[in-house]
Every structure is written in structure tokens, then in C-alpha cells.
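Chemist: Sequence plus predicted model, see below.
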Amino acid sequence: MINKISKVAFTLFVVMLLISCKNTKQKLQEYVVTYNETIAPGFRAENVTLTTARGYINDSKIELRFETNLKQNESKKVATAVAFARMRQSMIKKEQIPTELIEEGVEFHLYYLADDNTVLGKEVLTKESLQYLK
């Protein structure tokens, strides 16, 4: 367990080191690759079965998709809102969602998907919204 945490911490450190020398578009591309190769395979959160990142360089946007094992209905949307907010906060705290990119103008679109790939919830993290999340 400690070895796994050390690997993730080291990977995030290397990513942050590489990111500091690049422009925003390069950082966006590297983040997406790093997320899909190192963060996503070991990602664990309640009801989340799979997560992926997709980058849109021209729009300065990154989509994070969280596929769940939940059925699509109104009660699930309401019940999961708090759990997903906690997960988002935890990801920001662990720098799995780097605030540096958000502060440089990259928007993070987080999609929480039901088991049939319909949207249970969506959030957009921007410079403006970040100030309320810290």
C-alpha cells in the first residue's frame, strides 16, 4: 500500500516538474496522458468503475469521465451529489486535478455517468469556481 502511494506521489511530482517548464497546451496534453496511464488505472472511489480523461487543446478544456455502476434516476442524482463533491475535493487536494492548469485558464468538465452512460451529474471547474472550492 505504501509502495503504491509512493509511486503515485512520485508520478505526480514528476508530472508537476515537467508541467512547470511548458506552455498551457503542452501541460494539458501531458496531463491527459498521465491521467489515463497512471491515475485512472488505480483510481478508487465509491461506485466509480472507470475513469478517463480527454483533452481539447483548442478549447483549453479537459473532460474527466467517471463511469459508475448506478442506475439513472432522480433519487440517485440527488444521493450521489454529495459523494461526487467529496471525490472532486479529494482529487483537487491530491493534485489529481491540478489547480495550476485551472488557474492558467483550462476548464475541467467532470461527468458522472450512470451504468447506461447517461449523465448523472456534471460540473465545470474554472478559475472563478475554483476560489469557492479551496
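Modeler: Everything's here; your move.

Chemist: where exactly do the strands run in the chain?
Modeler: Assigned by DSSP state E, the chain shows strands spanning 48-56, 61-68, 107-113, 119-125.

Chemist: Just tell me which of the ones you listed ends up closest to Ile2.
Modeler: When the strands of the chain are compared by C-beta to C-beta, strand 48-56 sits nearest Ile2, at 23.1 Å. Just so you know, the C-beta spots here come from the backbone N, C-alpha and C atoms, and that holds for glycine as well.

Chemist: Name the residues of the closest one that come out as buried.
Modeler: For strand 48-56, the neighbour count (16 or more other C-beta atoms under 10 Å) marks Val48, Thr51, Ala53, Gly55 as buried.

Chemist: same thing with stretch 107-117?
Modeler: Applying 16+ other C-beta under 10 Å to stretch 107-117 flags Glu107, Phe108, His109, Leu110, Tyr111, Tyr112, Leu113, Ala114 as buried.

Chemist: Wait, the second one touches Ile97, no?
Modeler: Yes: with contact defined as C-beta atoms under 8 Å, Phe108 counts as touching Ile97 (5.8 Å).

Chemist: Find residues that contact each of the two.
Modeler: Leu64, Leu125 (C-beta atoms under 8 Å, 6 or more residues apart in numbering).

Chemist: residues touching Tyr56, list them.
Modeler: Here Tyr56 is in contact with Ile62, Glu63 (criterion: C-beta under 8 Å, 6+ apart).

Chemist: Dig out what it forms beta bridges with.
Modeler: Beta-bridge pairing for Tyr56 (DSSP bridges): Lys61.

Chemist: Distance check, it against Arg86.
Modeler: 27 Å (C-beta to C-beta, to the nearest Å).

Chemist: same question, Asp115
Modeler: 21 Å.

Chemist: Thr11: which of the buried residues of strand 48-56 is nearest?
Modeler: Ala53 (14.4 Å).

Chemist: okay, the residue nearest to Met91 when sequence neighbours are not counted: pLDDT?
Modeler: For Met91, ignoring the flanking residues on the chain, the nearest one in space by C-beta to C-beta, 6 or more residues apart in numbering is Ile97 at 4.7 Å. Per-residue pLDDT puts Ile97 at 94.
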